[in-house]
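Trainee: coords please:
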Amino acid sequence: ADFATIRSANKVIDLGTGNGVVPLILAYRYPSILVTGIEIQRQMADRAARNARLNGYEDRIVIEQMDIASTVKRFKPESFDVVVCNPPYRQATSGRLSLSSERQIARHEIKANLDDFVGAAAFLVKNKGCFACIQLGDRTVDLVSAMRSAGLEPKRLRTVHAFANAKASMVLVEAVKGGRKGVDILPPLFIYDSAKNYTAEL
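Mentor: Numbering: from 1, shown residues only. Predicted coordinates:
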């Protein structure tokens, strides 16, 4: 939510919104925007809608329960100024699966993979619009390659580290549809200081 470039009166869509945390933060920070959250799991989508309602944002946050593939039928091409996405990080055969089916779908590419999310973003975002995504650090190449293949040119990249001397655990990438080549590598984001407290920026 902090990394994405949002402007006044933007229409934003969050792919794989979970319980709707990102739309809530965006609606709070930007009073003039409209946010749509897409979530495949019914119970999560219901929680996201309830969160929007209980926080007073039901007029600016819409939650729709559907899979990523259905977005190309539900929405017209280039319907949104910004697409944000916190997708399942791990491939279906990578890592240990949770016993909870809800967590399995949220964490592993069981219902849709990274290319599916990036392809949907490319369809939904306007020309020169932005797509911001977070992914595991070791899947940086997968994310950047998928973006470029879909016509989304990476323009800003920031690595996320638990500590200053740790390797990147996550990567934040923002791409522009139809953008020119050339990416800004931003200073890294550190989560904890040497005393294991949150850094001032975080």
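
Trainee: CA only for contacts and neighbour counts going forward, please
Mentor: OK.

Trainee: Mean pLDDT per element in this protein, and the minimum belongs to which helix or strand?
Mentor: helix 101-107 (a mean of 51; mean pLDDT, DSSP states H and E).

Trainee: Quick one: the strands in the protein, in order.
Mentor: With strands called from DSSP state E, the chain shows them at 11-15, 34-39, 61-65, 80-85, 125-136, 152-161, 168-177, 184-185, 189-190.

Trainee: mind listing what the residue sitting nearest the centre point of the chain touches?
Mentor: Residue closest to the average C-alpha location in the chain (CA atoms, centre = their mean): residue 85, at 1.5 Å. Neighbour list for residue 85: 14, 15, 16, 17, 117, 131, 132, 133, 134 [criterion: CA atoms under 8 Å, 6 or more residues apart in numbering].

Trainee: quick check: longest helix of this structure.
Mentor: In the chain, with assignment by DSSP state H, the single longest helix is helix 42-54.

Trainee: Tell me which residues of it come out buried.
Mentor: Of the residues in helix 42-54, 44, 45, 46, 48, 49, 50, 51, 52 count as buried by neighbour count, 16 or more other CA atoms under 10 Å.

Trainee: show me where pLDDT drops low in the protein?
Mentor: Along the chain, the parts satisfying pLDDT under 70 run over 89-112.

Trainee: So what's the residue count around residue 141?
Mentor: The number of residues packed around residue 141, counting by other CA atoms under 10 Å, is 10.

Trainee: typo on my end, residue 146
Mentor: With other CA under 10 Å as criterion, residue 146 counts 19.

Trainee: How much space separates it from residue 169?
Mentor: Going from residue 146 to residue 169 by CA to CA, to the nearest Å gives 19 Å.

Trainee: what do you get for residue 127?
Mentor: From residue 127 to residue 169 the distance is 31 Å (CA to CA).

Trainee: and what of residue 27?
Mentor: Taking CA to CA, one finds residue 27 at 28 Å from residue 169.

Trainee: quick one: which of those two has more around it?
Mentor: residue 27 (19 against 15).

Trainee: residue contacts, the more buried one?
Mentor: Contacts of residue 27 by CA under 8 Å, 6+ apart are 33, 34, 35, 57, 60, 61.
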